[in-house]
Structure formats: C-alpha cells, structure tokens
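>>> Here is my input, please return the structure:
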Amino acid sequence: MIDVRKILVEVCGSDEVLNEGIDLIESGLLDSFAVIEFFSKLEDEGLTIHITKIDRNILRSVEKLEKLVKDTISNNY
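This next block holds a predicted model:
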C-alpha cells in the first residue's frame with residue numbers, strides 16, 4: 001500500500017500536514033509544486049492519477065488524498 005502520509009510529509013517538507021483537520025491548501029503546505037511532486041511520487045509507486053480529472057477539494061486533506069489513492073488502486077485491480 002502506498003503511504004500517502006509519508007509522501008505528503010516529504011513533498012510538503014513538514015509533518016504539519018499530519019495535523020488533524022488541517023486544510024493543506026489554505027495552510028500553504030500543499031502548493032502547486034508540492035502537488036506536482038506528490039502525483040509524480042505516486043507514479044514512481046506505479047499509480048497514475050491524472051490531476052486534471054480530480055476535484056481540487058480532494059487536495060485539501062490527507063484523508064481525501066488517501067481515499068483517492070485507495071479508490072484508484074481498487075478501480076485498477
């Protein structure tokens with residue numbers, strides 16, 4: 001299983017992303033460069049998600065990103 005939390009900490013450069021209820025976009029932790037890097041790292045793990053096909057609100061929380069990854073894996077297998 002892909003560790004979404006670990007990837008987010010790495011691309012955002014802070015374990016602050018793990019704080020409960022934090023809005024990753026509003027907090028500035030997940031900027032456009034971090035988003036690109038996040039999806040690039042998912043590709044490195046063998047999972048391709050086209051960012052242009054997802055709702056921007058998914059990027060606001062760790063939980064939503066974890067669900068996106070889980071759902072994408074489930075749909076691919």
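
>>> going forward, measure contacts between C-alpha atoms and count neighbours the same way
OK.

>>> Next one: the closest residue to residue 58 other than its chain neighbours from residue 18, what distance?
Nearest non-adjacent residue to residue 58, counting by Cα to Cα, 6 or more residues apart in numbering: residue 64, 5.2 Å away. Look at residue 64 and residue 18: by Cα to Cα, to the nearest Å, they are 13 Å apart.

>>> now swap in residue 38 and tell me
Residue 38 is 15 Å from residue 18, by Cα to Cα.

>>> picking that back up, tell me which helix or strand the residue nearest to residue 58 sits in.
When elements are assigned from DSSP states H and E, residue 64 belongs to helix 62-76.

>>> Residues contacting that helix, please?
2, 4-5, 8, 17-18, 24, 47, 49, 58-59 (Cα atoms under 8 Å, 6 or more residues apart in numbering).

>>> And the residue nearest the centre of this structure?
residue 65 (4.6 Å; Cα atoms, centre = their mean).

>>> mind listing what residue 2 touches?
Counting by Cα under 8 Å, 6+ apart, residue 2 touches 42, 45, 69.

>>> three-state assignment of it?
Following DSSP: H, G, I helix; E, B strand; the rest coil, residue 2 is assigned to coil.

>>> neighbours of the nearest residue to residue 31 once chain neighbours are set aside, just the number please.
What sits nearest to residue 31 in space, not counting adjacent residues and going by Cα to Cα, 6+ apart, is residue 25, at 6.6 Å. Neighbour count for residue 25, taken as other Cα atoms under 10 Å: 16.

>>> can you check residue 47 too?
Using other Cα under 10 Å, residue 47 has 16 neighbouring residues.

>>> Could you do residue 60 as well?
Neighbour number of residue 60 under other Cα under 10 Å is 18.

>>> same question, residue 24
22.

>>> and what of residue 17?
A count of nearby residues for residue 17, using other Cα under 10 Å, gives 22.
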